[in-house]
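Peer 1: predicted model follows, preceded by the sequence.
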Amino acid sequence: MSADSSPLLEVKGLTKSFPGVLALRGVSLHLKKGEVLSLIGENGAGKSTLMKILAGVQPADSGEYLIEGGPVNFQNVRDAMNRGIALIHQELNLASNLDLAANIFLGREPNKKGIIQENEIREDATKYLQRVGLDLPTETITGTLPIGKQQLVEIAKALSCDARVLIMDEPTSSLSQKETETLFEVVKDLRNQGISVIYISHRLGEVIELSDRVTVFRDGENAGDLAKEEINHENMVRLMVGRDLSEFYDRQIHQPGKTVLQAREIISPAYSTIPVSFEVRAGEIVGIAGLVGAGRTELLQTIFGVTPALAGELELDGQSFRPSCPADAINAGIALAPEDRKQHGLVLPMTVRENASLPSLERDQSKGFLNQEAELKISEKAVEQMQIKTPSIEQIARFLSGGNQQKIVLGKWLAMNPKLLMLDEPTRGIDVGAKREIYKLMEKLAGEGMAILFVSSEMEEVLGMADRAYIMHEGKISGELDRNELSEESIMNLATGGEKTAA
Amino acid sequence: MKKNIIGIFALLVVIFVITAIINPKFLNAYNMQNLIKWSSLYAVMSIGVAMVIITGGIDLSIGSVVGLVAVVLAFCLKIHGLDPWVSIGITLGLSLLIGLVHGLLVTKAGIQPFVVTLCGLLVYRSIGRWITDNQSVGPVPLEGDKGYVNLEEILGLDFIFSGKIPLGDSFNLPTPFIFLVVLGIAGAVFLRKTIWGRYLYALGNNEDGAKYSGINTDNMKIIAYVLCSFCAGLAGLLFAFELDSVQPAQTGEFYELYAIAAAVLGGCSLRGGEGSILGVVIAAAVIRLIYNSINMVGISTHLEFGILGMVILFGVIGDEVLKKTMAKKQLSAR
C-alpha cells in the first residue's frame, strides 16, 4: 500500500434533505487510496443518501466534496465516473438481454462513425472480466448468469471506466455464501491493485472481515470512526444505536399463549413447489430472517391474501381460514405493515385522518355513509397513541417523515384490534428515535397478548426483538432458532443454505 | 381543492362578464336558457366520466353510448311502438350493462381502460348505425310524422326530458338543469360522504395501498364504470328528446372529449385520485360558455377548438403551478 496518506476522496459537512426528512445533517468522511472503508449504520442513518451524492446521482444541499484535495460538483453520474467514482447499485443496473461485452461498454461503445468496433469491445471486455475473476465468453447473455456473477460484471464495467473508487451498497444482500466469498476475494484483490472501496453492509461479520476502517452514521450524522484494531461487534453496535443494546431492544420474556396462526404446508405462488409450515402464538414476537429474495415478503403476502396460497392449510385461532384478498385477512383479524410503505402501506396524497381510518371505514359505516365521528376518533387516537409528529390530522401523509408514516400504518391497524400483526421490515428508513418507539410498541402489544410476526434484514433487529425466529433460504424455511440460539453466525448459516447445527 | 374551484369559477365569471360587455344580447333570456340547457347536458356526461377518471381510468366511449342510447330509444318508440317507460328502462339498462362490461374487462381481464373504451366507442357507434340502417329517427314525432303509438305519453316524456318550466315573465328553466342538480348532489354526496367515494379516491391515488387496506378495488372500479355509462345513458336520453331527430352517425360524436375536457379542467387528474363534482360541473359550463361566447363576440367559429384547447391547457398548467406552490409551502412549514 502507498505511504501517501492524503485522502483520495473527502467530504465535509454535507447536508441533504428530502420531503419530510433531513437525511444528512453535516456528515464527513474520507477515503485513502487502496483502502476498504465500511460505512455502517441502522436503516435511515443516511448511508445510501451519501453514496448517491458521492456517485453524482443527486447533489448535496450544502457542504464540501473534494477529490484529491480539489472541490468537485457532480451534476450527474457521468461526471462522477469521469473522476473515477463508480456506484455498484443494490439493484443491478445491467441490461439482462444484452451480452457481457455490450453491457460493459453500454453507452460508450468504441465506434467509428456510429459503427461499433466489435473486436475491440470483445478484447477489452475479456480483459476486464478477468480482473474480476470471471472467465466467461463475452457473448454470454447477461441475464443467464446468477446474481453474484452479474454483480462482478457490474464491477468489471466500473473498472472499464477507470474507476478508482468503488461504492458498493449492500452488495451481499442477495448473494449466497459462496458468491459472497468470491466477491470478497475480488474486493481484496482490487484493494491490492490500489483501488479504494466504500462498502456498505448490515452484516457486521462481513465488515470485520473486509474493512481497513469503519465509519458509523446515526440519524444523518457521524457517530464515530473505528480504526482497524478497534473494529469489533460491540463497538460497532454501540456507535450505531448510540446506547447499549439491552436498553435499545427492551424485551421482556412473556409466557406465550395459545397458537394464533398455524400454517401447515402452505405454498405461496412465488415458490410453487415449496411447502412452508410455521406457527405464531399469542404474546410472542416471531422474526423471519433470510437474504433478500428468500421469500419472506412473499410469505407474508400469502398470509395476508395478496397472493393467495396455492395449497396448504392456514388456521387462525384454531379456525381454518383461506384469505383470497387482503379484505378477507383483515376481517379475520390480521394486519400487515408492508415493506414498501409508500406503495402498499399508505395512500400518500391523502391525509393522516383518511389513512388512519381507511381499513375501519367499512366497519364503522352507517348504510354506506362515512361515520365522521368514528373517523376523527380513530385518527386522533392514532396520533396520540403512536405519538405521530404532525401539525394536524389533516396533514397529507406524504409530507411526514418515514418514521411518522410508519406510525400511521401501525395506528390504522391497531384501530382494527388485530389478533396477528405482521410487520415487513418495520424500521426501514426510520430514524433511531422512532425505531425505538416502534420496538417499544411491539413489546407492549406482545405483552397484551397480540401475536407479532416480523420480517427483517437487519441482523440486530432480529437478534434484539425476536423470541423465536424462522430463517428462510430460497423459499423454504431452513431452520427455526429460539432466542438463546440466535446469533449472527447461526442465522447467516441457515440463511445461506447451511444446516442447523446441534446446539 | 377549494382554491381550484375558485379558479375555475373565476374563469367562468370573467368570460361571462367580458362576453356580456362586448355583446349585451348574450344576456337575453333565450340565450341564457340555451346556455343553461347545453351546459347541463354536458355536465351530466362529465360527472360520469369524472368518477372513472378519479379511479385513474378513462372512458372514451361516452359519445357512442350517448348516440346508441338515443338511437335505441327512438328505435323502441318509433319502430316498435314500445311503451315509453319500458323504452327508457331498456336504454338505461343498456347503459348500465355497457358500464358493467367495461368494468369487468378492465378489472377481471386486466385490459387497459383506454383500449376497452376505445373499442366500445367503435362498436356502439356502428351498432347504432346498423340497427337504423343509418337513417335518422326521432323519439318525438315531427309535424306530419305518422307511426307513433303512445303519442301522449311520449309528449309527456318530452316535457320531462327537454321541457321548460316558466319562471317569471320571460325566463324558462330547461328541465335538464333539474336532472343536473339532482345528479350533481347525488354524485357529490356519493364521493364525499360515503365510504365508496372515499374508496374511489384512495384507489385512484394508490390502488395497491387501497387493496392492502382491505378495499375491494376491483368492485369499486366496476362501480365507477357503471356510473359513468349510466350518466352517458341519461345524457343520451336528454339529447334524444332535445334533438328531436337522432343521427345514428353523428349524435354524440366527440362528446367523450368534451366530457373528459370538463373533468380535467374541473380539477380531475388523469393520474387519478383527484377531482370534485362541483369543479367538473363548473368546467362543463365553462366549455359551453366559451362556445357561446365565440359566437356572441364574433370570433370565427373555426377557432372554437383552438380556443377551447388553449383554455384547458392553461387551466391545467395553472392548477399544477398552484399545487406545486402549495406543496412547497407545506414543506417549508414543517
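Peer 2: Sure, I can see it. Computed from a predicted structure; not experimentally measured.

Peer 1: so which bits of the stretch 201-334 of chain B are right by chain A?
Peer 2: B:201-202, B:205-206, B:208-216, B:273-274, B:327, B:330-331, B:333-334 (CB under 8 Å from any CB of the partner chain). Glycine gets a C-beta too; all of them are placed from N, C-alpha and C.

Peer 1: nearest residue to A:Gly295 other than its sequence neighbours?
Peer 2: Spatially, and ignoring its direct neighbours in sequence, A:Gly295 is nearest to A:Gly475 (4.1 Å; CB to CB, 6 or more residues apart in numbering or on different chains).

Peer 1: now the helix or strand of chain A with the lowest mean pLDDT: buried residues?
Peer 2: The helix or strand of chain A with the poorest confidence is helix A:245-248; it has a mean of 72 (mean pLDDT, DSSP states H and E). Using 16 or more other CB atoms under 10 Å in any protein chain shown as the test for burial, helix A:245-248 gives A:Phe248.

Peer 1: could I get the CA-only coordinates of it as PDB?
Peer 2: What follows is the C-alpha trace of helix A:245-248 in PDB, where atoms were taken according to Å, rounded to 0.1, in the frame of the first residue of the first chain:
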ATOM      1  CA  LEU A 245     -28.100  -3.000  23.200                       C
ATOM      2  CA  SER A 246     -30.100  -4.200  26.100                       C
ATOM      3  CA  GLU A 247     -31.500  -0.700  26.600                       C
ATOM      4  CA  PHE A 248     -32.400  -0.300  22.900                       C
END
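
Peer 1: check which element follows it along the chain.
Peer 2: strand A:259-267 (DSSP states H and E).

Peer 1: sheet partners, orientation included, of that following strand?
Peer 2: strand A:276-281 (antiparallel), strand A:311-316 (antiparallel) (DSSP bridges).

Peer 1: shaky segments in chain A?
Peer 2: A:1-5, A:20, A:90-91, A:244-245, A:500-503 (pLDDT under 70).

Peer 1: farthest residue from the center of it?
Peer 2: A:Lys113 (44.2 Å; CA atoms, centre = their mean).

Peer 1: what about that one, distance to B:Ser126?
Peer 2: 52 Å (CB to CB, to the nearest Å).

Peer 1: please pull out the lowest mean pLDDT helix or strand from chain B.
Peer 2: Least confident helix or strand, chain B: helix B:304-333 with a mean of 81, by mean pLDDT, DSSP H and E.

Peer 1: what's the burial count for A:Arg108?
Peer 2: Counted by other CB atoms under 10 Å in any protein chain shown, the residues lying close to A:Arg108 total 11.

Peer 1: same deal with A:Leu183?
Peer 2: Neighbours of A:Leu183 (other CB under 10 Å): 22.

Peer 1: right, and it touches A:Pro171 too?
Peer 2: Yes. With contact defined as CB atoms under 8 Å, A:Leu183 reaches A:Pro171; the gap is 6.2 Å.

Peer 1: between those two, which contacts overlap?
Peer 2: A:Gln151 (CB atoms under 8 Å, 6 or more residues apart in numbering or on different chains).

Peer 1: contacting residues around stretch A:187-201?
Peer 2: A:2, A:8-9, A:31-40, A:47-48, A:51, A:54, A:131, A:133, A:155, A:159, A:163-172, A:207, A:210-212.

Peer 1: if we use 7 Å, what do you get?
Peer 2: Contacts with stretch A:187-201, where a contact means CB atoms under 7 Å, 6 or more residues apart in numbering or on different chains, come from A:8, A:31-40, A:47, A:51, A:164-170, A:172, A:207, A:210-211.

Peer 1: just stretch B:156-175 next, same as before
Peer 2: Stretch B:156-175 has contacts (CB under 7 Å, 6+ apart) with B:Ala29, B:Gln33, B:Ile36, B:Lys37, B:Ser40, B:Pro84, B:Val140, B:Pro176, B:Leu237, B:Leu238, B:Phe241, B:Glu242.
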